[in-house]
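[1] Structure, please.
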Amino acid sequence: FYKRYFLQTNQLIYQLGEVSDVGVNLHVPGVPLPAHEAVHLLLESQFLTIIIDSMNTMTTVFRKTITVIAILALMEPQVSQGVSQAVSCDAAVQTYVCLPANYSSMDLPLPKEANLILIEIHISDVLVIDDRDFSITYSLYFNVQWREPRLHINTGFFQDRMESPPTEETLTPVDLNLIKDLWVPNVFIYNLKTFKVIDVLSRLAGLWVSPNKDVMYSQASQITFICPMIFNYFPLDTQVCKFQVGSYSYNMEKMIFAVSQLGYAHTSRSIVLDYDIQISPLEEDDKVFVGGPLGNYSLAGFEMILKRHVSHYIITYYLPSGLFVAVSWISFLIPPDIVPGRMALLITLFLVLVNIFNNVTTNSPKAEGLTAIEIWMLACILFVFGALIVYAVILNEKLTASKPRGKQTKRDKKMKQQEIIKMNNGSLGSQEKDPCHEEDAPELLSCHNDQSGGQLRQSLSRAEKKSGKKIKTNYEYAKVDRFFLFFSPFLFLIFNTIYWGYFLLWDKILCKEQGSQ
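    Presented below is the predicted three-dimensional model:
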């Protein structure tokens, strides 16, 4: 636009200088531009063929502005090609490691064959395992190594830095600025969330080269990647997380990835986590990504096996809830007549278990259905609730049996009481008031404690013959309590066998299926 403007403008006749065959002499006061640089720009552009003559009507500020715009219009953008002068082999100051002038960082080192990319992963510590966010964060040294045959290395480079003769695989550090002009593989980390490079005074990274022209680039970093965890077996679960590295655009025909070294430095001073961590190489099926029409992509990495520590959950949840179920069986030993004691025990245990269950559901990670600990807590609640239902049925039966069937006069009730007193004490003249002589005397368990089973049955049979009704006592209800006193622990034992057998034995098989998915 400015070029066309100055070509088409015939009104600007300001004399900037004198043109000769040798150069241009500028006389522009107040412009902070050396004359030799302006001459160089004018000669390279070959743009101005006529220097404008003079212009007396323009102000000083406008003249300066027009002059700067004219000079900027002459400046053509300079596109740099090749490598920088600092690492070029054609530079005036030669370096031990340099790149040819025609080197291009956009071309593969080996265009006609697959480039082997070696990955070294040294995990220093696992920092966070977030069950709710499905992510794992750890600090590591991430090293990438490849071969660069276009690299020029002076033979004296390794001899000056080592006392013993170097081998073909000996790596020697070089200046990190060389990485700006080198070809670098486009590494892609699958399921990556964040990649943070550690900085102190500068970026913690390094560059090494070997005599056989291998290049290794290393970074101290913190990686957070997504792990698709399944918590149906929480807290008896085992998670398998896959860390996979590959190329974003080059398939197996151009680039192959492999793990050269893999390590995890777990010490007693490491961060205490909820898991026991094991690192293992990837399986063969996990080393290839099928990209459809784009081809198959080579992958490298490792499997991180996370086995949760169960002792904390056993002490906090499993053991107390199991003991509460065992305490509920004591209610079967309490006579049904002691309603406050037996009912208060069962209701208290029931409410405590419900409170623990709410705490478990709040702190448990999300799952598709019920987790293993939620199933356990529900089973414990049902066992206590079952003991409560048994007691409710006994109380209902007692209430039904105590109601009079038809019309019954006070005289009949009194005669019934006297008959029972006569059979129990062997005398009709005893007028001492005893709790066992009340209306519900045959149903009180404390009234039968001092009698043998035979005497009790004879007394009840005589009373039933005279009254024409069957009289239920706590002895029959005690048989129901005794039955559940043995049946409930047996049922709880069967539940524990099925529960622990399924989640502990089958978990090893199902975790492999989960890892393959």
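[2] pretty sure residue 328 is in a helix, no?
    Yes - counting by DSSP: H, G, I helix; E, B strand; the rest coil, residue 328 is found in a helix.
[3] correct me, but it touches residue 383?
    Yes - with contact defined as Cβ atoms under 8 Å, residue 328 and residue 383 form a contacting pair (6.7 Å). Just so you know, the C-beta spots here come from the backbone N, C-alpha and C atoms, and that holds for glycine as well.
[4] Now the common contact residues for these two.
    residue 488 (Cβ atoms under 8 Å, 6 or more residues apart in numbering).
[5] what comes up buried for the lengthiest strand in the chain?
    Taking DSSP state E as the criterion, the chain has its longest strand at strand 115-130. For strand 115-130, the buried set under the neighbour-count rule, 16 or more other Cβ atoms under 10 Å, comprises 115-126, 129.
[6] got it, and stretch 145-160?
    145-148, 151-153, 157-158.
[7] got the CA coordinates for that stretch in PDB?
    Output in PDB follows, covering the C-alpha atoms of stretch 145-160 (Å, rounded to 0.1, in the frame of the first residue of the first chain):
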ATOM      1  CA  GLN A 145      16.500 -41.000  22.200                       C
ATOM      2  CA  TRP A 146      16.800 -41.200  18.500                       C
ATOM      3  CA  ARG A 147      19.500 -41.400  15.800                       C
ATOM      4  CA  GLU A 148      20.400 -38.300  13.700                       C
ATOM      5  CA  PRO A 149      22.800 -39.200  10.900                       C
ATOM      6  CA  ARG A 150      22.900 -35.600   9.600                       C
ATOM      7  CA  LEU A 151      24.700 -34.400  12.700                       C
ATOM      8  CA  HIS A 152      28.400 -33.500  12.400                       C
ATOM      9  CA  ILE A 153      30.600 -34.300  15.400                       C
ATOM     10  CA  ASN A 154      34.200 -33.400  15.600                       C
ATOM     11  CA  THR A 155      36.400 -36.400  16.500                       C
ATOM     12  CA  GLY A 156      38.100 -34.500  19.200                       C
ATOM     13  CA  PHE A 157      34.800 -33.700  21.000                       C
ATOM     14  CA  PHE A 158      34.700 -36.900  23.000                       C
ATOM     15  CA  GLN A 159      38.500 -37.200  23.600                       C
ATOM     16  CA  ASP A 160      38.700 -33.800  25.200                       C
END
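[8] Quick one: mean pLDDT for that stretch?
    Averaging pLDDT along stretch 145-160 gives 84.
[9] Which residues does it contact?
    89, 94-100, 103, 109-110, 115-120, 165-166, 170, 172, 182-183, 185, 209, 211-217, 260.
[10] Which members of the residues you listed are classed as buried?
    Buried among the contacts of stretch 145-160 by 16+ other Cβ under 10 Å: 95-99, 103, 109-110, 115-120, 170, 172, 182-183, 185, 209, 211, 213-217.
[11] who are the neighbours of the longest strand of the chain, in terms of helices and strands?
    strand 135-147, strand 214-226, strand 238-247, strand 255-264, strand 275-281, strand 296-308 (3 or more Cβ pairs under 8 Å, 6 or more residues apart in numbering; DSSP states H and E).
[12] The first one pairs with which strands, parallel or anti?
    Strands that pair with strand 135-147, judged by DSSP bridges, come out as strand 115-130 (antiparallel), strand 214-226 (antiparallel).
[13] can you check the fifth one too?
    Sheet pairing of strand 275-281 (DSSP bridges) gives strand 296-308 (antiparallel).
[14] Check which element follows the strand it pairs with along the chain.
    For strand 296-308, the succeeding helix or strand toward the C-terminus, using DSSP states H and E, is helix 311-313.
[15] what comes up buried for that next one?
    So for helix 311-313, counting by 16+ other Cβ under 10 Å, buried means residue 313.
[16] Residues in contact with it: which ones?
    By Cβ under 8 Å, 6+ apart, helix 311-313 touches 235, 274, 373.
[17] can you do 10 Å?
    234-236, 274, 319, 360, 372-373, 376 (Cβ atoms under 10 Å, 6 or more residues apart in numbering).
[18] was I right about residue 317 contacting residue 371?
    No - the criterion here is Cβ atoms under 10 Å, and residue 317 misses it with residue 371 at 11.3 Å.
[19] List the residues that are in contact with both of those two.
    Joint contacts of residue 317 and residue 371 (Cβ under 10 Å, 6+ apart) are 235, 360, 377.
[20] Figure out the helix or strand that the last one lives in.
    Using DSSP H and E, the element containing residue 377 is helix 372-402.
[21] can you check the first one too?
    For residue 235, there is no enclosing helix or strand under DSSP H and E.
[22] quick one: pLDDT of it?
    93.
[23] In space, what's closest to it - neighbours in sequence excluded?
    Excluding the flanking residues, the one nearest residue 235 by Cβ to Cβ, 6 or more residues apart in numbering is residue 313, at 4.3 Å.
[24] One more: the last one?
    Leaving aside its chain neighbours, residue 377 sits nearest to residue 357 (4.3 Å; criterion: Cβ to Cβ, 6+ apart).
[25] and the one you found, what does it touch?
    317, 321, 373-374, 376-378, 380-381.
[26] Just the buried ones from those residues, in ChimeraX syntax?
    Here is the ChimeraX command that selects only those of the contacts of residue 357 that count as buried (16+ other Cβ under 10 Å):
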select :317,321,373,374,376,377,380,381
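[27] Cool, thanks, signing off.
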